[in-house]
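Chemist: could you work out the structure for the sequence below:
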Amino acid sequence: MNRVFMILTFAGVPLSVIGTLLHWSSILLFIIYCLTIIALASYMGRATESLAVVAGPRIGGLLNATFGNAVELIISIFSLKAGLIGVVLASLTGSVLGNLLLVAGLSFFVGGVKYKRQSFNVYDARHNSGLLMFAVIIAFVIPEVFSMKMDDADTISLSVGISIILIILYLAALFFKLVTHRGVYISDSGKGSVHEEEEPEWGKGKAITVLALATVAVAYVSENLVHTFAAVGESFGWTELFIGVVIVAIVGNAAEHASAVLMAVKNKMDIAVEIAIGSTLQVAMFVAPVLVLVSLLFPTVMPLVFTLPELISMASAVLLMVVISNDGETNWFEGATLLAAYTIMSIGFYLL
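Modeler: Next comes the predicted model:
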C-alpha cells in the first residue's frame, strides 16, 4: 500500500502542476487533485505516527491536527480574500462535522471490526468534552442569538471579542495539557496499546521534514482544487453549501482521516481520538477565530455567525460525541452510529 501511495504522490504532484498550467478539464483535475491529496495524507500519517512514538500521543495528535488544519486555513484565507464568506463558514461547519462524525466514526468502526473493544484516556475525553461544549454550543450559538438584535457593526465587534477569547482559551488548554498537567491524568485503559520499545519508522528530523513538505504540497494542490468546485458542482448538481460542508471538508481534512484510521487499526486509540477531537477543537477555537481576525484585513469582514442548519448540525454532533466518548471506550457499533449521523446530515445539506 505504501508503494501505491508513493506512485500516486510522485505522479500526482507533477500532473497537478502540469494540468493546472495547461488548463485541463476541471473534472479530470478534480480527480487528480483528490487522489494526490489522499496519497500525500498517507505520508502525513506515517510522519505523525513516527512523531507520536517519539513525543507521545498528545503531541503527535496535536501536530497532525495542526498540519492538517493548516491546509484548510490557507484555503479559507484565499476564499476570504475572494469574498466567499459563505463557503468559508460552510467549510468550518464541514470540518467540525467531518472530524467528530466521519473521522471518529471511521476510526471507531474500522478499529472496532478488528478489536472487540478499544480504550482511550477517559480523562482526556472528559476534558475535551467540556471544551467542545464551550467552543461550539456557547461560542458559536451566542453570536447567532445576539446578532438578531444587533446591526452589522455590533455583530462584527461581538465576533472579534469572542474570537480573541477563544484563541486565549485554546492556548490555555494547550498549556494545561502539555505543561502544567502533563502526565497527571493517566488512564490505565490505553497503557497496553503502545509499547515503550516500539521503534518509529522515521527519525524525528525526517518525520518533521516529511510532514512539512507534504503540507506544502497539499496546500498547493488544495488551493487549485478549490477552483474546480464550480464546474464539478455544476456537472454533478452540487450546491455551494454542499460543496463547502461536505466536499471541501473531506478533501481538506484528508490527512486527519487517513492518520486517525491508521492509528485505530493499530489499536492506538489515544492518538486517533486526539486527532479527531483535537482537530475539531483547533478548528473551533483557533482556525475560525483567526479567520475572523484575518478577515478584518479584507474588504468583506466575516462575522462568526453560522446558519441555523449549520449550528444545529454542529451542536448535535458535539452532543453525540460527548455521550459516546465519555466512558473512554468504543466499538464498531458506536462508529457506525457516528457515520449514520454524518450521512443523515450530508443528505440534508445536499437537498437544502
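
Chemist: quick one: contacts of stretch 85-94?
Modeler: Stretch 85-94 is contacted from outside by 72, 75-76, 79-80, 240-241, 243-246, 248-250, 252, 283-284, 287-288, 291, 295, 300, 302, 305-307, 310, 313-314, using CB atoms under 8 Å, 6 or more residues apart in numbering. Backbone N, C-alpha and C define where each C-beta goes, glycine included.

Chemist: run through the helices of the stretch 1-150 of the chain in chain order.
Modeler: 2-22, 26-55, 57-81, 85-97, 104-114, 122-132, 141-147 (DSSP state H, counting those that start in this stretch).

Chemist: so which of these is the most packed in?
Modeler: Of the helices of the stretch 1-150 of the chain, the one with the most neighbours on average (mean count of other CB atoms under 10 Å) is helix 85-97, at a mean of 25.

Chemist: how about that one as CSV, C-alpha atoms only?
Modeler: Extracted in CSV, the C-alpha atoms of helix 85-97 (Å, rounded to 0.1, in the frame of the first residue of the first chain):
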residue,chain,number,x,y,z
ILE,A,85,-17.8,34.2,3.3
GLY,A,86,-20.5,31.6,3.0
VAL,A,87,-18.1,29.0,1.6
VAL,A,88,-15.6,29.6,4.5
LEU,A,89,-18.3,29.2,7.2
ALA,A,90,-19.7,26.1,5.4
SER,A,91,-16.2,24.6,5.3
LEU,A,92,-15.7,25.3,9.0
THR,A,93,-19.0,23.5,9.7
GLY,A,94,-17.9,20.7,7.5
SER,A,95,-14.6,20.3,9.4
VAL,A,96,-16.4,20.1,12.8
LEU,A,97,-18.9,17.5,11.4
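
Chemist: just the angle for that helix relative to helix 122-132, thanks.
Modeler: 160 degrees (axes from the mean of the first three to the mean of the last three CA atoms, to 10 degrees).

Chemist: next SSE after the helix or strand containing Ile164?
Modeler: Element membership of Ile164 [criterion: DSSP states H and E] is helix 152-175. Under the assignment DSSP H and E, the closest C-terminal helix or strand after helix 152-175 is helix 204-226.

Chemist: and the angle from that following helix to helix 85-97?
Modeler: 140 degrees.

Chemist: quick one: buried residues of helix 204-226?
Modeler: When burial is assessed from 16 or more other CB atoms under 10 Å, helix 204-226 yields the following buried residues: 207-208, 210-211, 214-215, 217-226.

Chemist: ok, these vs Asn128, which is closest?
Modeler: Leu211 (23.0 Å; CB to CB).

Chemist: for that closest one, give me its contacts.
Modeler: Contacts were defined as CB under 8 Å, 6+ apart; by that measure Leu211 touches Tyr43, Met44, Ala47, Thr48, Leu51, Leu63, Phe67.
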